[in-house]
Each structure stands twice: as C-alpha cells, then as structure tokens.
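1. One predicted model, sequence on top.
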4 protein chains.
Amino acid sequence: MCRWIAYRGETTALEHYVTEPDHSLISQSIHALEATASVNGDGFGLGWYGTHPEPGLYREIRPAWSDENLRYLCRHLQSHLFFAHVRAATGTPITRPNCHPFVCGQWMFMHNGFIGNWSRQRRQVEALIPDQLYPSRIGTTDSEAMFLAIMGAGIERPVEATEKVLATLSGFMNSNTPHDRLRFTAALSNGRDLYAFRYAVNDRANTLYYRESDKDDIVIVSEPLDSDHKHWVAVPEGHALVALAGERAHIMPLFNRQQEAAEYQRVRVQDPGEALLLRSAR
Amino acid sequence: MCRWIAYRGETTALEHYVTEPDHSLISQSIHALEATASVNGDGFGLGWYGTHPEPGLYREIRPAWSDENLRYLCRHLQSHLFFAHVRAATGTPITRPNCHPFVCGQWMFMHNGFIGNWSRQRRQVEALIPDQLYPSRIGTTDSEAMFLAIMGAGIERPVEATEKVLATLSGFMNSNTPHDRLRFTAALSNGRDLYAFRYAVNDRANTLYYRESDKDDIVIVSEPLDSDHKHWVAVPEGHALVALAGERAHIMPLFNRQQEAAEYQRVRVQDPGEALLLRSAR
Amino acid sequence: MCRWIAYRGETTALEHYVTEPDHSLISQSIHALEATASVNGDGFGLGWYGTHPEPGLYREIRPAWSDENLRYLCRHLQSHLFFAHVRAATGTPITRPNCHPFVCGQWMFMHNGFIGNWSRQRRQVEALIPDQLYPSRIGTTDSEAMFLAIMGAGIERPVEATEKVLATLSGFMNSNTPHDRLRFTAALSNGRDLYAFRYAVNDRANTLYYRESDKDDIVIVSEPLDSDHKHWVAVPEGHALVALAGERAHIMPLFNRQQEAAEYQRVRVQDPGEALLLRSAR
Amino acid sequence: MCRWIAYRGETTALEHYVTEPDHSLISQSIHALEATASVNGDGFGLGWYGTHPEPGLYREIRPAWSDENLRYLCRHLQSHLFFAHVRAATGTPITRPNCHPFVCGQWMFMHNGFIGNWSRQRRQVEALIPDQLYPSRIGTTDSEAMFLAIMGAGIERPVEATEKVLATLSGFMNSNTPHDRLRFTAALSNGRDLYAFRYAVNDRANTLYYRESDKDDIVIVSEPLDSDHKHWVAVPEGHALVALAGERAHIMPLFNRQQEAAEYQRVRVQDPGEALLLRSAR
C-alpha cells in the first residue's frame, strides 16, 4: 500500500510536509511499520508546480528515508501545489518510471491502490490509452495506465473523465470469474485545481482524508499525517474531493449525475448478492 | 549503438570475455570511444546458463566499467553459454528491465539496433506479443517487444519465427511515409543452440562477426573483440548464423526458403535503384 | 540492527538460505518488521568462496527484497562457504562500499552492531588500521574499520586479533564521559575456518545463534532463520564460536586465556559500579 | 578528468548552463568524447544557494546524460550562485558521497584534478582535517579531504587557507621518490564570494577559464562551454581567481604575499633541477 500527500496553499518549502521529523510523509512511513507492517521502501517521488508551465518531477528507486538528495531538495524546492508519494510495489518492477507521481503535459497524478490481476487485465487497460498519449507510457504500472486513460477520456472535465475510466474498469473487473478487485485512491491536478478520488470495486477503498484551513489552503492525504484525527475529514468511499482554485473544497458522490452511472448502479441492484461490489460502487 | 557478445564452449569464467583488460567487451566499449564516439554507458547485462533450467540474469543501470559487482561476478560465474551486453539507449528509459539480455523461460535474447520511430510503431509491435506472453513484457523497449513477438511466433523453429516477425516489421516500417528504419543484429539461445541475425530495413544492418575454434566452441559478437580481423568471420547482411549444439556453425540467408520471402526478394530486384533497401531487407 | 547468516557445508545454491520464501534471510527481514520494527532496507550484500582464491562479493544499496538480480544470483551461485547480510544503517551513508560483507585478501567479515558515538570515535579506530591495509579502507563504516584493525592485529590468529582490537575499543568506549557503547556480533572467515563473535561494551550484545548438523556443516546467524528455537544454539555474550575446517564447532569465552584480558577484567572488578560493563566484557 | 562550472549572477534556472542542448555542461561532456576520449560518466552533482542559509545538493552515481531527474531539477531550481560537476573517477568508488560538490556549513567546493598516489598519500592528507570537521568526511575522495583541510586552515581567509594546504600538499608530493603529482583546479564559495584555483605540483595544471559580463555576473569553468574562445579568459597556472560579491573578479598569483610562500619558493630555487615543480608552485 502506497502513501501520498497533495498540498495546495501558500508557497512553502516541501520539507514541512515531506521530510521533517514529526508529521511528515517520510516519518509517517516509518511509524507506519508498527501499525500496519507495510513498508513503503519501493521508491518514491515528488512532483511540484513552479514558474515553469510543466511540473517538476523527482523520482527515485531507493527508499525515501535514506535519500540524502531528497532532504536537500525538500528544503530548497518551494511550491504552492505539490504531490509526494512513497511506494510499496504490488508486482511491477522498481524503476523510476514506475514511481509516482506521473506527469502528462501540465497534469499530474498519483495513486494508492491497484488493479487486481494486473498481468491479465493490463492489455485491455492499456488499450484505453489513446494513440497520441501512448508515447507518454514510459513505465509499466497499472497506475500510469489509468492516468493516461483518464487523460484521454476528456481531461478538461476531470471528474467525468475519471468516472468514465472507473466505469470501464469496473466492467473489466467483473468480467472475470472470480471477479477482480480495484482500489483507486488517487490525486490529480493541473497546477491550479486539485481532485482526489476514493473508489473501489469488489473491495474496500483505501482511505482518503483532507484538511482545509482556508479556501485555497488544503492538504489531502492517503492517511492522516498526525494522530489528531479531528483535524482530518474523511472522504467517504465512492466519492471525489474537488478543490478548485479559489473555492472551498467539496465532496461529491461519484457516478450520480450521469445516466450511465445510474444504469451502472441499477444493474448492480439487480444482483443483490454482490453487496461488496455495491458498497464500493456507491 | 549497443555492443554484445555471445559465447558457447568450454565452461569458463565470464571474466575472460567480459571484464578482463585487453580484448573484453568492457575494455572494447571504452576503446570504442575514440573510434566511434559511441559510449555504452546506459546500463548493461549478463545472462548465463548453468545447472538451473532457467538462465541467470544480472542487469544494472550503471555503466559496466564502474560496477564493482560485475568484476566479482565475472570472476566467479562460470558458464558454457552466456550473453553480455552494454547498452547505448535510443530513447527508452535507463531501467533494469530495459537492459539486455531478456529471458523468457529457457530462452534468452539480446539485440543491437532499433525500431525507428518507436513511439509510433510501438503499439502495433506490442500487439504481436501473444496474450500468454504479455506478462513477460516487464520493460518498454523495442528489443524486448521483438523478442516476445518471436517467442510467440513459433519459437521451436527459431529462424522461421524470427523471419516471420521481421517480415511483419518490414511491413510496419514501409507503411509510414517517409519509411521507418529497422536494425536488427541479435542473438538468441535456448541454452544449447545459438542463433544470431543480421538484418535491416531501409537502413544498413549493424555488423555481426563470429569466431569458431571447434564445433561447439563459438564466440559471436556485434564487433570484433580484437583488432586482428582475420580471426573473425563477418556474417553478411540479411543472414542468420546458426550454431546448433554439437554441430559446426553455418550461415544461411534469411527469407529464402519461403514463398513469402521469395516474392519479397523478387519485388526488390525489379527496383534496382533501391540498393540500400535491397541489401537490408533481403 | 543488521541481520546476517554465515554458511559452511555442502556446496549449495545460495537461494536456500538467502532468498527462498520460508526461512531465508530475506523473508526473515520482512517478518522482522512486525516483531522489532526494524527494517533492513539500507542495502545488503553477499560474499562467497568459490574456485577463485579470493571470495566473490555482491553488494547493493537497494533493499534486498526488491532486487531481481539477487534472486537470479542466489539461484545460480553455489558455494561451500558464504555470508549474506541485510543492513539497517546507523548513520554512515548508504553506499555499496558501506554494505557488508567486507573482503581483504582471502578474508571476509560482516557485522551486526555499532560503535557508539562513531563520529567522535572514528579517528582513533581508523588509526588502528595499519598503513599497508589502509588502501583497503574503501568505505566509511565502523564495521569496515574494525575488520581492517583485526586484519592488522595478527589475523593468522583470528580470535586473539579480535580480542586485541575489542580490548582497545573497550578502552576507547570508556575514555569518554558518559561512556560510549559498542555492540559487536560478527562473522569472520578465510574460506575454510569460520569464526563468530558476540560481544558488547556498556550495552547488551546482539544475539548470535548456530546450528550444526555435521562437523563441517554449520549455519551461524544473528537471529534464527525459523521459529523452531530448539534447532538453534545461542552463543553467550562475551564468547566466540570457532568452527575450524574438519572439526566440530566450539564456543569459547573471550579474554580468558591472556594475561592482558585478566588484567582487563581485574581493572573492572575494582569498579563495582560498572555492572553493565562487567557483564558485557565477561 | 572531471569538468565543472560555477555560476554567479542573476538568479536563473540551472538548465541554461547545465542541461540545455547547446553549450551546457552536459552537452559539453558528450562532445568532449571526440576531443579527449574522456567520459564523464562516473556520477555528477549540483550545488546551489537559495533562500536557506545552507546550499542545496543533488548528487547521483548515474551518468548525468541519462538522469531524467536532473533535467526536471535544472528546469525548476533557480539560483544566483551554483556549481555543477561531472565526474571521471580516478580510483575512489562511484558513490554519492564521492561526487562533487562537497558542502560544509555554508561553504561549497568542487575540484578537477587528483592527488597522485592517493592510497599512499591519503592518511597524511586526512590528518590535515581538524577533529571537529572530521564528521563531515562522509566520502573517501582526495577532493573532499582537501576541501575539509582548507576549511580547517582558516576558511575566513579562503585564498590563504588554500595556499596553506597546497604548500603542505606540495611537501607531501615531494617527500616520495619518485615524486608524486598533484593537480588542483577547484572552485570554492560561501554563497556570496567565488574563488577558483589553478595549481599543480610535478605536473601541468588542468585548465581554468572565466567569463565576466558584469561585476557580479561571472561563469567559471574547467573548460569553455563553447568553442568561441575569445569569450573566455584563461587563468594562468599557479593563480587564483577571486570574485568577491559586488566587485569585479581579479586574478592573483598564489604564494606571493606571504613570507611562508617566499621561503617555500627559495627552497625550491636551491634545487634547480626541479624545473617542473617550480613552474607549478609559482
């Protein structure tokens, strides 16, 4: 299970959220050992927006906790919107192109979760990537493939593009017997707006929290950075968090504005045995 | 341009051919600098057959010349059939899964060359890989894709499988305007038999040489290991070198046992102006 | 805290002890997470004796669990005497030269423990390395410095050389206020004989176990490879395990055959307050 | 032979000097292949001053030309004073701590050259590092040892501190038979002032050039970034380039303001045979 943080707000040095001793992502990933026996030692990455139109990216295959470059970079890089991610691989090799975040033009994406049975699902998921975006497929992860599929599904409306891809993936997951699982807790940004998603198919969704101090000042995390849980608002399963530039963030259910989604749910209600599935799709 | 060596013969320490000072692959790759301004510093790999049914593999993204592990391994690993490869990347990332050789079951493959316009050709080349082999697609190179396509084209007859894939690739290369180029100087083995290919489409083929001292004792190289060229037999363009276990190696033209290939050649003879193309494709 | 295993016996593939699923060093290092919250993700190393007079060495800075090369090597490398080590760094950088084992001529060494206050102790510990061995100081760890000091203290009598260095180090540890700590659970070999040590100053010694099935067949570990503790004999603190080629292993107390050691202990008895120190030196 | 560039001037993205296609350090290091058969593929580093009192550092063991992180960082990092360095190792291992630049407090240093016979000279050079700076000795290079020796020789007067260390090193070089060689073309900064040195003992000094467009706007390089040599002023052997903040840069001879240096030269004049040495010490 990966861990990640997305920040938007006052321009700040990344170290306050990524590398500093107490409540940062790195320290969290070490404390996490005791709690969950999950080590996030399979590479990590930073992505940040600065003055250049395209975001910067720093990805490494070493564990984040031992990377001396990371400490220097987080002290010196300043950004008003950045992502940081520590990886626990689920099968694909430990290479830099397989580390999060992923960048495509001005868009940036990172993910905690997986597409179950990836080696069998992979081909049809990659087929969702349009030809013109296929050169951006530089790694081999399920996460990067989903990102590029979303990019190709109408990224100018990010929530709908994501819903469209998730609906297709739900179909893929349910077309095998036994059904495959999907977990998708992800963040997406264009450098101004910030979107996060918590969704699963045939499984429980990984957690998603946020903390908003002002209308442009938001931290979104896969797991709270400190144990003071009252600071953190949990995003429910099957929901998106939308934090447009200059507006307060709001939580919205996935798949409820579209006929396609309604039908999607209707189909499922007809099959009362699939309770697990229902919960995740709602 | 990559460089490689394939060895079959007496079980020997790899160091004699890979790392030792004078005529090894590593020293060659450094001397090569003066001659060709080509640095093979984008990773390297070893593959070798031992007592285990599947070959061993050691691939690294550092330059071979500075890898202290490589020196130890080449001193201690002994094999009767091994491949070694130093890479000069042509666009795909420097990751271990993108380094040669590639292994699939008992088969091993390495390559010097490229598929031109890879980002546009990639999708249809990957489509040549059968579903059941697609999980073995762990990197993103053109070389690995060609290998898995060959594996899926009837690997029990390796020359025909390779011809089949090369014919398909020739079609791909010529379907774009302007035509794309293909260079394919490759080695393939199942641990007993050794095959090498020298082929190109719309381009000159990279060189291929071999030296045979006894019927089971053969060294095949992309470029001679020493400057004493009389030791080395050049394999002509458009030919395969076949060194079956227990037999002397022989050179055979590609595409001349099959009707498809015959026609392929006839077409070209009719157009004497396309000398470059002729030489490489036929 | 590092973990290690030393093996001598029938020539075997390293995988049985290093990488295989159940009771190997790698799997142990992952299970260890739950037990001790210690992650051995700061590099690892293999050292082995083969037909070449000097041992082979493979050291990497990535976590052992994600190194695909390691799996291939452990399947193909065979040895009658090998070391494997997974590192949890205690301050010195994560570099290959700082990974264990260390090699000097035909000797090999690995260590679990530390010299407390290393940045202050370092200079005088390095001064114990004789000039002619200082070129072998290619890393910056306390462990390598101790090894080279032992090499220079009369390595033809390994237990006495180690005692000599430990006695000197004890002096160093006690010359500061507050006293510094030393933990030294180490293995040493010349390719035939195997020595292991469990010692500490001003601290508890890290554990040391072994399992002997025949007179030349011994596995020595920092922590048992399986939970069936009755297979494993614990070596007491302040003792060495000596497994000479062709003889059964025996445990011997450190510092009791030499006048120097006797005096060393006498001095300590005069200071009854230093109970902790006494325990570790005995 | 390493290559480096030091920049001070308008705050700028590092890419203009480090990674961009035409006249940058990276492209230079590739063109350099043809000219000098020297590949700078043994790691690289960036050091830069920003708003934090201590400089940032990014050092990697891969060749600079294939590091995708480097391209992103050089696009996004902006600085008014930075160093960049590509390494060709001369014997010490390829590790991050052995890559330039080196940082100690607010000071930064990088070097092209070597101390000849380093494995024999090393111990006495390391002894020049004061105890309180020895914890900053995190690598094993001659370059880092010289830097820390200079730091300890009165860094508040950087030229004199450097002269003091170079005089001592000259003595070391000449105390062996045959004499050892030293090459020292280095840059040093505290974030405001910039110092560069060109010096050698028993050898020719490596080149040093600079280009000054305004009083605070200077680029200092080991080799010109473009072939238009009239832009570049060569610093003569045995000289320092001093570029204090807010002043025009000036070249000054080493060793001519101090009695110590005068005597140093007098001693040498008594030995007319050491012409080579004289040239380098002057």
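-> Thanks, I have the structure now.
2. Please identify the residues of the stretch 1-150 of chain A in proximity to chain B?
-> Residues of the stretch 1-150 of chain A lying close to chain B by Cβ under 8 Å from any Cβ of the partner chain are A:92-93, A:95-97, A:119-120, A:122-123, A:131, A:134-135, A:137-140. Every residue, glycine included, has its C-beta placed from N, CA and C.
3. isn't residue A:90 right next to residue A:112, touching?
-> No - checked against Cβ atoms under 8 Å, the pair residue A:90 and residue A:112 is beyond contact range at 10.4 Å.
4. Of the residues of the stretch 1-150 of chain A next to chain B, just the buried ones, ChimeraX syntax please.
-> Command for ChimeraX that selects the buried part of these, burial taken from 16 or more other Cβ atoms under 10 Å in any protein chain shown:
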select /A:92,93,95,96,97,120,122,123,134,137,138,139,140
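5. now, which of the residues of the stretch 1-150 of chain A next to chain B lie close to chain C?
-> Answer for the residues of the stretch 1-150 of chain A next to chain B near chain C (Cβ under 8 Å from any Cβ): residue A:93.
6. and the residues of the stretch 1-150 of chain A next to chain B, which of them are in helices?
-> Counted as lying in helices by DSSP state H, out of these, are A:119-120, A:122-123.
7. List the residues that contact the residue nearest to residue A:107 when sequence neighbours are not counted.
-> Counting by Cβ to Cβ, 6 or more residues apart in numbering or on different chains, residue A:107 lies nearest to residue A:190, which is 5.5 Å off, once chain neighbours are set aside. Residues in contact with residue A:190, defined by Cβ atoms under 8 Å, 6 or more residues apart in numbering or on different chains, are A:106-108, A:158.
8. Helices - which of the residues you listed land there?
-> Per DSSP H, the contacts of residue A:190 map to helices at residue A:158.
9. Most neighbours of all the contacts of residue A:190, which one?
-> residue A:108 (28 neighbours; other Cβ atoms under 10 Å in any protein chain shown).
10. thought it was touching residue A:186?
-> No - contact criterion Cβ under 8 Å: residue A:108 and residue A:186 do not qualify, at 11.0 Å.
11. Who are the packing partners of the biggest strand by length in chain A?
-> Secondary structure of chain A read by DSSP state E shows that its longest strand is strand A:3-13. Secondary-structure packing of strand A:3-13 (3 or more Cβ pairs under 8 Å, 6 or more residues apart in numbering or on different chains; DSSP states H and E): helix A:15-18, helix A:25-36, helix A:68-76, strand A:78-86, strand A:107-115, strand A:182-189, strand A:194-201, strand A:217-221.
12. What residues sit buried inside that strand?
-> Buried-residue list, strand A:3-13, by 16+ other Cβ under 10 Å: A:3-9, A:13.
13. of all the residues you listed, which comes closest to residue B:252?
-> residue A:4 (55.4 Å; Cβ to Cβ).
14. The closest one: what's it in contact with?
-> Contacts of residue A:4 (Cβ under 8 Å, 6+ apart): A:25, A:83-86, A:100, A:110-112, A:187, A:221-222.
15. Go again with 6 Å.
-> A:85, A:110, A:112, A:222 (Cβ atoms under 6 Å, 6 or more residues apart in numbering or on different chains).
16. from memory the second one sits against residue A:100, does it?
-> Pointing back at residue A:110 there. Yes - when contacts are counted by Cβ atoms under 6 Å, residue A:110 is listed as touching residue A:100 (3.9 Å).
17. Identify the contacts common to the two.
-> With Cβ under 6 Å, 6+ apart, residue A:110 and residue A:100 have common neighbours residue A:85.
18. More neighbours: the two, which one.
-> residue A:100 (30 against 27).
19. And stretch A:203-218, how far out from the chain middle?
-> 12 Å (Cα atoms, centre = their mean, to the nearest Å).
20. For that stretch, list every residue counted as buried.
-> Buried residues in stretch A:203-218 (16+ other Cβ under 10 Å): A:203, A:205-212, A:216, A:218.
21. Please identify the residue of the stretch 151-282 of chain A positioned nearest to chain D.
-> residue A:191 (12.8 Å; Cβ to the nearest Cβ).
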